[in-house]
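**Student:** okay, predicted coordinates and the sequence, questions at the end:
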Amino acid sequence: MFAYFIEAFRVLLANRTRSILTVIGLVVGVATIVSVQVAAQGMAGAVSGIFKGTNANTFFVFPKASQGNVVRAALKLSDLALVQQSVPGVASVIPFSRAPSIVDAGHQRVRLRFGGESDKRFSTSPLVAGRTLDADDIARATPVCVISDNALTRLFPNAASPGSVIGTSIYVGSKRYVIVGVFGKTKIDTAALGLDISNDVAIPWTTFYNNYQRGSSFFGISVLAEQGADLKKIEKQTQALLAQAHGAQYQYFDFGFFAQTINGFFNIVGLIVGAVGAISLVVAGIGIMNIMLVSVTERTREIGIRKAIGARRSQVLLQFFIESLLLSAFGCITGMLLGVALGEIVDRGFIARISGVTGGIPWLEAIVIAVGFATIVTVVFGTYPAYRAAKLDPIQALRYE
Amino acid sequence: MNERPNVVIDVANLTKTYASGELQVQALRGLTFTINRGEYVAIMGPSGSGKSTLMNVLGCLDRATTGTYKLDGIDVSQLDDNQLAEIRLKKLGFVFQGFNLLARTDALRNVTLPLFYAGMPAKERERRALERLTEVGIGERARHKPTELSGGEQQRVAIARALVNDPAVLLADEPTGNLDSKTSSEILGLFDRLSASGRTIIVVTHDEGVAKHSRRILRMLDGVIISDAPAGAPV
């Protein structure tokens, strides 16, 4: 059996240009499918990585966009207390604005936003100096702020270290805020995701409300559930509570839902690319069959010689079958390696830059895909040429010019 | 039991009919003869006489329509394709006019081919093949490809390949048809030598010069044997 592999290998090597051209289709097909697998795996890792820093116990509630009475549905300060007091398992409730307010701070413009307690609901950046906003800041609406690395470089271009700006003040219009904390570089490029959850300067949302938004309504509210609470249940209860209080409709979503949506999207992309790849593999398989048929015709005399010498049908069949097998195995393995490499480039170069997380290489899937396709292509497209070779009549074959 | 241990080919009432469209072509019309072990026989006849058909049947490449053919005591008339392949592998060696060597394969590996199909280990195959190549006087050219060999050398490789399985019968079809006269006489000399060492050789030819090397000539015309006489006898 091993001798047949050596024999087939010699034949393919003797026709190496043709052999390589034959398998290019297969290489491309397998590479496409495998690279999408690798990228999808990277994306899945990235999605879970993005939300690792955020509080998984958080969800957002806001009025449904398509309803008649927008005014009646608008969420107000009183709703925060209502949810906090009426829904069991709620740790805290804060409002959130859809877009950050762009305000002037000295000669610079910064984006000011709501800050919540311990500031974990919107930001995944690490704290590098000072402290986060705390419950006291929120309760007393203190004039303090925490700033991002971005604001630090813009507002304090000469700062020696993040720690050196703690205690200094920034002015936003006529209001003064004391810096109590500095956040480091976010590992997630949220802007690239179209999801800007990191802003320049965060002040206690109560302070924000008092200074800029008094009496107006919120875009939505963010609810932090207690550790271990049933998030789904609290979400439903909150939604029902607000619906009853306002006589309007509300929707909510949490990070799990968000992650699911992104993963779902990539699954669909994977399916589509998989289908296209499968078609390209059929085409590649037909290419291999075509070349093997040409090879059988070309080598008719050789087959005649082999049969005259005493090769049985099964031996000729095996020889050509193994040639097909080697061709497709070579194509599929090369395609697999190429696909893994391409997938890694996408993963490291693009996905990891957004998420800061690299997904592992799905070797098992890659190998299963490569071996699977090699087997299918060989069996489906290698059998017929081998059969044609095996059933040649030796006398006719020897006479073939 | 084989009651005639000396008979290696035993043909009785052999016919071969080809269906060529509407037409039935009778290529062999009832042949009966025997060939003994160690004989050197030439089969002669003009084209269309049926000598190639007979060669194919004797070589187990084709089956007779009726009649019996016993090769080395085995009735091969009713064997299927795989059984015939087995017979060709074990009992027969072919030498063709066009040499029929595998082009991209060196002499040694051409000669090992029958042993490969017989399932012999690689080392043993090469040892035996080299032995045969040396026997036909071309051992030092074992690693050359057919394209690097002269016609005579190629035919020697083909003869080595035909002999490597120690066949009961060596069948040669116009073995000197593609060779010049000097090389031809060398190859015929080799046949003489093989015959002298006890090989059974059947040569199909239309060349009297080739035939006169044999000991016995079967002359065919229109599918029948018209003469069966020792070489050198008047035609």
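**Tutor:** Arrived safely.
**Student:** ok, for the residue of chain A found nearest chain B, nearest residue in space, not its chain neighbours?
**Tutor:** Per CB to the nearest CB, A:G310 is where chain A lies closest to chain B, at 2.6 Å. For every residue, glycine as well, the C-beta is placed using N, CA and C. Excluding the flanking residues, the one nearest A:G310 by CB to CB, 6 or more residues apart in numbering or on different chains is B:L89, at 2.6 Å.
**Student:** circling back to that earlier point, run a quick neighbour tally on the residue of chain A closest to chain B.
**Tutor:** 26 (other CB atoms under 10 Å in any protein chain shown).
**Student:** quick one, what contacts residue 13?
**Tutor:** Using chain A. Shown in contact with A:L13 (CB atoms under 8 Å, 6 or more residues apart in numbering or on different chains): A:S19.
**Student:** please go with chain B instead
**Tutor:** When contacts are counted by CB under 8 Å, 6+ apart, B:N13 touches B:30-32, B:66-68.
**Student:** which one (most neighbours) among those?
**Tutor:** Going by other CB under 10 Å, B:L31 tops the contacts of B:N13 with 22 neighbours.
**Student:** am I right that it falls within a helix?
**Tutor:** No: under DSSP: H, G, I helix; E, B strand; the rest coil, B:L31 falls outside any helix and is assigned strand.
**Student:** and it, what pLDDT?
**Tutor:** For B:L31, the pLDDT comes out at 93.
**Student:** okay but it is in contact with B:V11, surely?
**Tutor:** Yes: under the criterion of CB atoms under 8 Å, B:L31 makes contact with B:V11 at 5.6 Å.
**Student:** where does the residue lying closest to B:M120 once chain neighbours are set aside sit: helix, strand or coil?
**Tutor:** Nearest-residue entry for B:M120: B:R128, 7.7 Å, with adjacent residues in sequence omitted and distances by CB to CB, 6+ apart. Here B:R128 is recorded as helix under three-state DSSP.
**Student:** for chain B, which residue gets nearest to chain A?
**Tutor:** B:L89 (2.6 Å).
**Student:** list the contacts of the host helix or strand of that residue.
**Tutor:** Assigned by DSSP states H and E, B:L89 belongs to helix B:81-91. Outside helix B:81-91, the residues that touch it by CB under 8 Å, 6+ apart are A:307-314, B:59-61, B:63, B:71-72, B:74, B:76, B:79, B:94, B:114, B:117-118, B:165, B:167-169.
**Student:** for it, what is the average pLDDT?
**Tutor:** 93.
**Student:** do the same with stretch A:316-332
**Tutor:** Here the average pLDDT along stretch A:316-332 is 90.
**Student:** stretch B:132-140 now?
**Tutor:** For stretch B:132-140, mean pLDDT is 92.
**Student:** list of residues touching the helix ranked longest in chain B?
**Tutor:** The longest helix of chain B (DSSP state H) is helix B:181-196. For helix B:181-196, the surrounding residues in contact (CB under 8 Å, 6+ apart) are B:38, B:40, B:136-137, B:150-152, B:155-156, B:159, B:163, B:170, B:172, B:175-176, B:179, B:201, B:203, B:209-210, B:213, B:215.
**Student:** again, only using 10 Å
**Tutor:** B:38-40, B:95, B:135-137, B:150-153, B:155-156, B:158-159, B:162-163, B:170, B:172, B:175-180, B:199-201, B:203, B:207, B:209-210, B:212-215 (CB atoms under 10 Å, 6 or more residues apart in numbering or on different chains).
**Student:** got a PyMOL select line for the buried ones in the residues you listed?
**Tutor:** In PyMOL, a selection of the buried entries from the contacts of helix B:181-196 looks like this (16 or more other CB atoms under 10 Å in any protein chain shown):
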select buried, chain B and resi 39+40+95+135+136+137+151+152+153+155+156+158+159+162+163+170+172+175+176+178+179+199+200+201+203+207+210+213+214
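**Student:** just want the most central residue of chain B.
**Tutor:** B:L171 (0.8 Å; CA atoms, centre = their mean).
**Student:** need the three-state assignment for the closest residue to B:I226 other than its chain neighbours.
**Tutor:** Excluding the flanking residues, the one nearest B:I226 by CB to CB, 6+ apart is B:R219, at 5.2 Å. The three-state assignment at B:R219 reads strand, by three-state DSSP.
**Student:** what of B:V11?
**Tutor:** B:V11 ends up strand, using three-state DSSP.
**Student:** which residues touch it?
**Tutor:** Taking CB under 10 Å, 6+ apart as the test, what B:V11 contacts is B:28, B:31-35, B:54, B:57-58, B:64, B:67-71, B:77, B:225.
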